[in-house]
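Visitor: when you get a sec, could you give me coordinates for this:
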Amino acid sequence: MSKRVQTSRLDAFDRKILAILQRDNTTPQRTIGEAVNLSAPAVQRRIKRMREEGIILADVSVIEPHAVGQAITIFVEVEVISETAEQIEHAKKEFAATAEIQQCYYVTGEADFILIVVVSSMADYEALTRRLFFGNNNVKRFRTFVAMDRVKVGLGVPVE
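Guide: All right, here's what the predicted structure looks like:
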């Protein structure tokens with residue numbers, strides 16, 4: 001998922017465009033152009049380039065989990081037994097392929113992975129733990145933290 005890109009190619013116009021797109025990626029290019037003092041075609045070219053270079057990773061709709069029956073957000077620390085490159089890559093692929101896992105981070109410290117999971121019930125989470133953790137010989141332990149409130153959620157990156 002993580003891809004290294006050169007930030008030196010981003011000028012002030014690009015950063016302003018990114019700031020607008022992070023707030024609402026349905027903003028018309030004409031409106032963006034007016035806001036950053038560029039023509040709509042210039043904005044279009046810049047957006048196209050930033051997509052091609054991997055600066056813009058996706059254009060998505062952010063969905064309210066409660067509205068689709070996914071009312072529980074859970075943070076999970078996972079510690080593995082073996083940290084060989086092969087085992088870590090296997091874990092990354094398995095976690096990335098699991099629909100209930102919104103985000104997965106390979107981290108330093110006591111845990112090896114931090115997962116952000118959404119489920120509709122604790123029974124669904126229990127089934128997920130049986131599938132991902134109890135059935136995995138490389139998982140040493142995992143700790144669960146259930147979110148009581150979603151205070152701030154987002155993937156916005158400071159660009160200006």
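
Visitor: show me where this structure has strands.
Guide: 72-80, 101-106, 113-119, 139-146 (DSSP state E).

Visitor: now the ones you listed in TSV, with distance to residue 35?
Guide: (Glycine included, C-beta is placed from N, CA and C.) As requested, the strands of the chain are exported to TSV (distance: least, C-beta to C-beta, whole Å):
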stretch	distance to residue 35
strand 72-80	34
strand 101-106	30
strand 113-119	32
strand 139-146	40
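
Visitor: residue 27 is nearest to which of these?
Guide: strand 101-106 (24.8 Å; C-beta to C-beta).

Visitor: shaky segments in this structure?
Guide: Within the chain, the stretches falling below the threshold (pLDDT under 70) are 1-8.

Visitor: centroid residue for it?
Guide: Residue closest to the mean C-alpha point of the chain, counted by C-alpha atoms, centre = their mean, is residue 103 at 5.0 Å.

Visitor: show me what contacts that residue?
Guide: Taking C-beta atoms under 8 Å, 6 or more residues apart in numbering as the definition of contact, the neighbours of residue 103 are 115-116.

Visitor: what's the burial count for residue 78?
Guide: When neighbours are counted by other C-beta atoms under 10 Å, residue 78 registers 23.

Visitor: what does residue 58 give?
Guide: For residue 58, the tally of surrounding residues (other C-beta under 10 Å) stands at 7.

Visitor: repeat for residue 32
Guide: By other C-beta under 10 Å, neighbour count at residue 32 equals 23.

Visitor: go on, residue 53?
Guide: Applying the criterion other C-beta under 10 Å, we find 13 residues in the vicinity of residue 53.

Visitor: cool, and residue 115?
Guide: Applying other C-beta under 10 Å, I find that residue 115 has 22 neighbouring residues.
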